[in-house]
Every structure is written in C-alpha cells, then in structure tokens.
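J.: Quick one, what's the 3D model for this:
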Amino acid sequence: MIVTYARSGGETQKWDYKPGDVLSAEAETLERITDKTFDEINTGLLRGAVWARRGVLWMLMKRDNPSLKYADVQFKSGEVQVDWSTDERAEMRKAIEANTDLTEDERELAIAALGEDEEPAPKES
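T.: Sure thing, here's the model as predicted:
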C-alpha cells in the first residue's frame with residue numbers, strides 16, 4: 001500500500017507500506033496504542049478508519065523521527081490517503097478475473113472499484 005501524507009501548506013510525504021515487513025516491536029507498539037490487533041489495524045487501514053491511518057502514519061513518521069509522540073500526530077481527514085501500489089492492483093485484478101464465484105457484472109464492478117493504474121510517462125525520443 002502507498003500511504004501519502006499531504007499536509008496543508010507542507011510538503012507531501014509518501015511511504016510504501018507493507019504490513020509483512022513491519023517489525024514485531026513496531027506492530028506490538030501499534031497494538032498497544034490502538035488497542036487493536038495488527039490484523040485489525042491493517043483491515044481498518046483498508047476500510048478508511050482514521051484511528052488506523054493515524055497509527056500507521058505515526059509508525060512510519062517515527063522511523064525518521066524516533067522522538068515523535070503519538071499525541072503529536074494530528075491531521076485533517078483529507079490529508080492522509082491510502083492506495084494500492086501498481087503491483088497490488090495487478091494481483092487483485094488477476095484474483096478477481098480468476099474468481100469463478102463472481103458474475104460478469106460483479107467482476108466488472110470489482111475491477112472498476114480498484115480504479116485505474118497510473119499510466120507510465122511516455123518515453124522521450
């Protein structure tokens with residue numbers, strides 16, 4: 001997943017967030033702070049839960065600023081976005097296309113819900 005923090009009047013920061021790469025100490029700290037399991041945090045992140053976005057954003061920012069306190073991470077709801085990486089979208093598209101339990105209409109809706117991948121920039125001649 002791509003986590004983007006576009007603070008009003010500040011610079012935009014982006015992280016490639018891979019739950020499988022989070023250190024156990026980081027995951028445990030997130031669990032204590034949010035009072036949720038690591039799986040619940042990641043599910044919450046995908047569902048758009050602000051508490052999950054705040055926790056993950058704090059963890060990502062803390063990697064560069066170890067003294068950052070959780071209470072110091074405040075943002076407007078539109079300043080933090082979570083999106084799928086191009087590879088993740090491709091994997092999900094394959095899974096949707098291969099799912100025989102879906103009708104053609106359901107398949108089309110699911111693929112449309114993934115959104116469009118960014119087109120690569122044209123090569124200059």
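
J.: contact partners of the longest helix seen in the chain?
T.: Counting by DSSP state H, the longest helix found in the chain is helix 50-64. Helix 50-64 is contacted from outside by 3, 5, 13, 15, 17, 22, 26, 29-30, 33-34, 36, 41-45, 68, 70, 73, 75, 77, 80, 82, using Cβ atoms under 8 Å, 6 or more residues apart in numbering. In this view, the C-beta of every residue, glycine as well, is placed from N, C-alpha and C.

J.: Would you mind writing the PyMOL command to select the buried ones in those residues?
T.: Command for PyMOL that selects the buried part of the contacts of helix 50-64, burial taken from 16 or more other Cβ atoms under 10 Å:
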select buried, resi 3+5+15+17+22+26+29+30+34+36+41+42+44+45+73+80+82
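
J.: Not including adjacent chain positions, what is the nearest residue to residue 1?
T.: Excluding the flanking residues, the one nearest residue 1 by Cβ to Cβ, 6 or more residues apart in numbering is residue 17, at 4.7 Å.

J.: Was I right to think that neighbour contacts residue 26?
T.: No - in this structure, residue 17 is not within contact of residue 26 by Cβ atoms under 8 Å, at 11.3 Å.
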